[in-house]
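> Below is the structure, and that's it, no one-letter string:
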Ligand code: M6R
C-alpha cells in the first residue's frame, strides 16, 4: 500500500526522502514522488514507476530544501500515472500533500470545490485535500501557523474514510503538519531534525525514538520540536517510545532477498517470541494479561479474526486452544466477520492477529467486537501499531521487522505465541492435562529443530526446478496439515503467480479430483500420525491419476512412492505446522527465483493492507 516519508531538519531533504521511499518499496507501489520547500516555493517531482526513476527527473539534483514530503503510491482511485502520483498541490501551489488511505466522500467534496472554482488535474481522491485546506486557509482570519493548523483541521473534519497526511505550505518553510486517522504514521525524533514515515523500518537507520500518533491527533513539526494537538486542537504532551529493533535487522545481511533472510531468521524469531514467557518447570506467564480462572471459565466463545497468513496462524491457534483448553474457538476472515453481524457479547473473547498491526479490515473487526462488548486481544509484531491502540490487551511477537511481502517468520512466531497463550489459558483454568509439560519442553526444543528443518528443506530446490513452469499446483492435508497446505498454497500463488489451491485431502473425491490429470503437481503435508493412512491413501489416488508428488512428512513413508519427500524432524503434533511450513516457504521461494520474479515485492500485493 502507499508509503509516506517526510523530513524536516538541517540537511538537504531530497536524498533523505528518496532513501526513505526506497526502504518503503516493500510495501508495494506503482509510482513515487517528493515535494520540498524551496526558495521559489514548492518543488514537485513525481512519476509513475520505480522510486529510483526519481533520480533522473529534471532538476531533482538542484533541490536545496531542508523540509519535504514523499510518497509511494499504490493506485486505488485512478490508474498509475504521473498526474495521479503524489504529492498533490492545491490550485495556487501553496499547499503540498501526501496521503495514505482512501477518502470515501471525495466525489462530493470535489463537486463542492468545483462549484467554488477549484479545478482538478488528477483522478485521485487525494487532490481534494490540498484544495480543501487552501479553501479554509483563505477564510482564516489568522494567516499564521495557527491558521494553517486550523485550516488542516477544518479540512480533515470534512473527510470521510482513512488518511495519514503530511502537509507543507510554502509560507511556512520551518514547519510541517501531520495527522492520521485509521492509517499508519510514525514520527522519528532526531537531533535538530524529525522524520516521518508510514512504518518504523524505513527510518530506523536515522533514529530509534518514535512518537506514536493516535487517530485525529495533529502534530506541528519544526526542526527541533514536535507539538501535538488533540482532535479539538488542544495541545497535548507526548513522550517518545524507544524501539529495540536495530537498523541491520531491516537490511538483507548478505541474503539475496529479504524473504530468504526472514525464512532463515525463524529459529531466532521463535526463541525471542517465547522469550521469558515459558520455562520448563514453572507456569507460563503473560504479564500483559490479567485473565482469571473465573473469566476464562465464563467465556462462551473465542473468535480469532485476521487476514491472509495471519488467519492461517489463527487456524493453528484454534486447534491448540480447543485441544488444550476445550474452549470453543472460531476463526474468521476479518473482511467477512465485520459485515456479517457476528454473534458476540461480553462473554466472548476476540483475538485479532496482524503482523503489521495496520490491516484495515482487522482493525475494523476489532472495533466492531468492542462495540458489541467483547474483550479484545491483539497479537502483532509492530510495537505501537494501530491495532494495539484499539485493543483491550496486546501481545507482541518478537520476529523483528518483516520486510518481504510474503509473510514467513511472522507466521511461525504467531503460531508459537498461540502455543504459549494456550498453555497460559490451560494453566489458569487449572486444566488437568499431563501433555502440557511435554508441550513446554517441545516448545523449548523447537528452535533447534527449525534449524535442522531449514537444512533438510533446501532439498526442495531440485523439485522446484522441475515444476516451476507448471500452471496449477494442488496442496493437500488433513487435520492440522490442512491448515499448513492452505498457507503453503497462499505462499506459492503470492510470489510465483502459479495458480495454487489447497484442499482437505478427504474432500478430493467430492470434486477437486476431477482436476487431477497426468503430470499435475500435488504437494501433500503428512504429519498427523492418527490420519496417516487416510492421507496417504488420498495421495495414492492422485498418483494413480498421474500426479507428480512432493511430500512433507515426519512419518516413516515409503519414499519410492513419491517424486520428492522432505523428511522433517518429529515434534509435538500441535507444533508441527511450524516445521512443515518451512519446506513449503522454500518451495515457493525457489520456484519464484527460477521464474526470475521479484520475490520480495510480488505484483499487485502490499505488505500492509491499510485500506479495505
Ligand atoms: O499485517 P497482517 O498480518 O494483518 O497482514 C495480513 C495479510 O495481508 C498478510 O498475511 C498477507 O496474506 C501476506 N502477504 C501473506 O504472505
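Noted; the coordinates are in hand. The shown structure was predicted, so the numbers you read here are calculated from the model rather than taken from an experiment.

> I'd like to know the average pLDDT value across the longest helix along the chain.
Counting residues, the longest helix in the chain under DSSP state H turns out to be helix 435-457. Averaging pLDDT along helix 435-457 gives 95.

> just stretch 23-37 next, same as before
The model assigns stretch 23-37 a mean pLDDT of 88.

> for the nearest residue to residue 24 once chain neighbours are set aside, what are its contacts?
Nearest residue to residue 24 in three dimensions, chain neighbours excluded: residue 3, at 3.3 Å (C-beta to C-beta, 6 or more residues apart in numbering). (Glycine included, C-beta is placed from N, CA and C.) The contact partners of residue 3, by C-beta atoms under 8 Å, 6 or more residues apart in numbering, come to 21, 24-25, 27, 29, 71-72, 100, 197-199, 202.

> same check, this time on residue 471
498-499.

> now do residue 148
Residue 148 touches 137, 169, 171-172, 175, 177, counting by C-beta under 8 Å, 6+ apart.

> how does it look with 6 Å?
Each residue near residue 148 by C-beta atoms under 6 Å, 6 or more residues apart in numbering is listed here: residue 169.

> for the protein, what are the low-confidence residue spans?
Counting by pLDDT under 70, the chain contains low-confidence residues at 1, 246-249.

> How about the residues of it by the ligand?
Contact residues, the chain versus the ligand (C-beta under 6 Å from any ligand atom): 307-310, 354-356, 359, 362, 405-407, 494, 605, 608-609.

> Mind checking which of these are in helices?
Reading helices off those with DSSP H, I get 308-310, 362, 494.

> Residue 168 against residue 95, yeah?
No: with contact defined as C-beta atoms under 6 Å, residue 168 does not reach residue 95; the gap is 7.2 Å.

> re earlier: residues in contact with the longest helix of the chain?
266-267, 270-271, 278, 280, 419, 423, 426, 566, 568-569, 571-572, 575, 579, 582-583, 586.

> From those, which land in strands?
residue 566 (DSSP state E).

> Please pick the buried ones from the contacts of helix 435-457.
266-267, 270-271, 278, 419, 423, 426, 566, 568-569, 571-572, 575, 579, 582-583, 586 (16 or more other C-beta atoms under 10 Å).

> Can you show me the helices along the stretch 501-612 of the chain?
532-544, 576-594 (DSSP state H, counting those that start in this stretch).

> Any idea which of the ones you listed gets closest to residue 339?
For the helices of the stretch 501-612 of the chain, proximity to residue 339 was assessed by C-beta to C-beta; helix 576-594 is nearest, at 28.7 Å.

> The residue of the stretch 501-612 of the chain found nearest the ligand - how many residues pack around it?
With C-beta to the nearest ligand atom, the shortest gap between the stretch 501-612 of the chain and the ligand falls at residue 609, namely 4.7 Å. For residue 609, the tally of surrounding residues (other C-beta atoms under 10 Å) stands at 22.

> Give me the neighbour count for the closest residue to it other than its chain neighbours.
Closest residue to residue 609 apart from its sequence neighbours, by C-beta to C-beta, 6+ apart: residue 359 at 5.2 Å. Neighbours of residue 359 under the rule other C-beta under 10 Å: 30.

> ok, residue 359 touching residue 307?
Yes: if you go by C-beta under 6 Å, residue 359 and residue 307 touch, sitting 5.5 Å apart.

> Between these two, which contacts overlap?
With the criterion set as C-beta under 6 Å, 6+ apart, the contacts of residue 359 and residue 307 do not overlap.

> How is residue 369 assigned, secondary-structure-wise?
Of the three states, residue 369 takes helix according to DSSP: H, G, I helix; E, B strand; the rest coil.
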